[in-house]
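J.: could you work out the structure for the sequence below:
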Amino acid sequence: SLVRTIRPDDPSAFFVEQRNRVVVVRKDLMVPEGGQPIAVTTPQPGRLPRPVEDIPAVLALSNGDRLVSDKDQKSVLRYSPQTKFVAPFLSNTNTERMARSEVDDVAVYDRDAKVIVMVDRDARPLGKIALKGSNYAIGEVRDMAFDRLGHLYVLDGGKPSIVVFGPRNRLVTTISGPLQRPRAIALDASGRLQVF
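T.: Purely as a prediction, here's the structure:
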């Protein structure tokens with residue numbers, strides 16, 4: 001049943017923070033539900049901070065830090081829960097989608113390289129998943145989500161199907177079926193897969 005409705009203006013992304021508030025991203029602002037908009041900027045040596053204006057993806061780590069995709073600079077930046085810049089997280093990546101596992105491993109889809117990069121919470125490399133392998137081919141990454149066991153579910157909008165990879169980035173299975181134009185996926189607390 002419907003719990004609440006949030007009506008943001010022109011959102012580009014959203015995430016749920018530690019206090020279960022929805023934070024909507026629009027242009028260079030993060031707007032927490034019931035709170036004041038916070039500008040997202042990155043420092044520049046000897047100059048005013050630069051606004052991060054094109055944010056296609058954001059996620060919150062378990063400690064509350066936010067990973068923000070900066071499309072203009074092709075990087076992922078790390079911010080504190082108060083949206084203060086902490087450090088660069090990944091560079092040279094055109095990040096369109098991100099997902100976080102229960103242990104804060106992060107999957108980052110790099111549109112330019114056509115690869116899913118796996119890193120830990122400190123951006124240490126854990127491996128890569130190519131969009132084409134010996135038993136699968138992903139045409140268009142629309143969304144990604146982890147289950148509690150560390151399996152990565154990748155929604156392929158091109159087929160349409162969902163490709164599932166195990167904790168060692170190996171193909172587990174491909175789910176196809178009555179998917180017409182899937183746009184997003186989620187896994188609930190009991191492990192049920194939901195497709196929009």
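J.: tell me how far the lowest-mean-pLDDT helix or strand in the chain lies from the chain's centre.
T.: Sorting the helices and strands of the chain by mean pLDDT, DSSP states H and E puts strand 13-16 at the bottom, at a mean of 87. Chain-centre distance of strand 13-16: 9 Å, with C-alpha atoms, centre = their mean, to the nearest Å.
J.: ok, and what's touching the helix or strand following that strand?
T.: Per DSSP states H and E, the first helix or strand lying C-terminal to strand 13-16 is strand 22-26. Residues outside strand 22-26 that contact it (C-beta atoms under 8 Å, 6 or more residues apart in numbering): 6, 8-17, 30-33, 40, 55, 58, 60, 68. From N, CA and C alone the C-beta is placed, and that goes for glycine too.
J.: surely L29 and G35 touch.
T.: No. Taking contacts as C-beta atoms under 8 Å, L29 lies outside contact range of G35: 11.2 Å.
J.: those two: which has the busier surroundings?
T.: L29 (17 against 11; other C-beta atoms under 10 Å).
J.: sorry, back to before: give the buried residues for the least confident helix or strand of the chain.
T.: A13, F14, F15 (16 or more other C-beta atoms under 10 Å).
J.: contacts only, for the most centrally placed residue in the chain.
T.: The centroid of the chain falls nearest to M98 when counting by C-alpha atoms, centre = their mean (2.1 Å). If a contact means C-beta under 8 Å, 6+ apart, then M98 has A57, V58, L59, L67, S69, V76, V106, A107, V108, Y109, M144 as its contacts.
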